[in-house]
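Engineer: Following is a predicted model, sequence given first.
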Amino acid sequence: MKAEKRTVFTTEDGKTFFDKQEAEKHEEQLKNQKAYRVRYCPDLNETGMLQKTGYIICHARWGNELWVEDWLYKKFGNRIDFVQGVSPTEKWRFEQIETDKVEADKILATLHH
């Protein structure tokens, strides 16, 4: 049997690497990652309140919010809807959150740009 010592590199998100360059590359990618909470699906019968929550993870060097907003327009359409066809209300909205607040089973999309 032969005993070996190895250096292990642990990144901010807890992933481990044996190669320093791979760990640095992963940390650079983490800097470009942002998480967003999306509220959508308004109650169009009564209150207009948004009923569902989902999450989007966006990996981009710049314009993360623009990429998320673009995806939301494609997925849900216009931001305005109408309660009982009369009162305007939001169809969806989003806000940036910490990545550790994301509920994995509610991720709507992971965007790479």
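Structural biologist: Right, received. Where do you want to start? Please read these numbers as outputs of a predicted model, since none were measured by experiment.

Engineer: in this structure, which helix or strand is least confident?
Structural biologist: In the chain, no helix or strand scores lower on mean pLDDT, DSSP states H and E than helix 20-31, which sits at a mean of 84.

Engineer: Residue 52 and residue 40 touch, don't they?
Structural biologist: Yes - Residue 52 lies in contact with residue 40 (C-beta atoms under 8 Å); the separation is 5.3 Å. Quick note: C-beta positions are derived from backbone N, CA and C, even for glycine.

Engineer: neighbour-wise, which of those two wins?
Structural biologist: For residue 52 versus residue 40, neighbours defined as other C-beta atoms under 10 Å are more numerous around residue 40 (18 against 12).

Engineer: and the gap between that one and residue 18?
Structural biologist: 42 Å (C-beta to C-beta, to the nearest Å).

Engineer: what's the answer for residue 85, then?
Structural biologist: Separation of residue 85 from residue 18 (C-beta to C-beta): 61 Å.

Engineer: Can you show me the CA trace of the least confident helix or strand of the chain as PDB?
Structural biologist: Extracted C-alpha coordinates of helix 20-31, given in PDB (Å, rounded to 0.1, in the frame of the first residue of the first chain):
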ATOM      1  CA  LYS A  20      -6.200  24.500  -8.700                       C
ATOM      2  CA  GLN A  21      -6.900  25.900 -12.300                       C
ATOM      3  CA  GLU A  22     -10.300  24.000 -12.300                       C
ATOM      4  CA  ALA A  23     -11.200  25.400  -8.900                       C
ATOM      5  CA  GLU A  24     -10.300  29.000 -10.000                       C
ATOM      6  CA  LYS A  25     -12.300  28.500 -13.200                       C
ATOM      7  CA  HIS A  26     -15.300  27.300 -11.200                       C
ATOM      8  CA  GLU A  27     -15.000  30.300  -8.800                       C
ATOM      9  CA  GLU A  28     -14.900  32.700 -11.800                       C
ATOM     10  CA  GLN A  29     -18.100  31.100 -13.100                       C
ATOM     11  CA  LEU A  30     -19.700  31.600  -9.700                       C
ATOM     12  CA  LYS A  31     -19.000  35.300  -9.900                       C
END
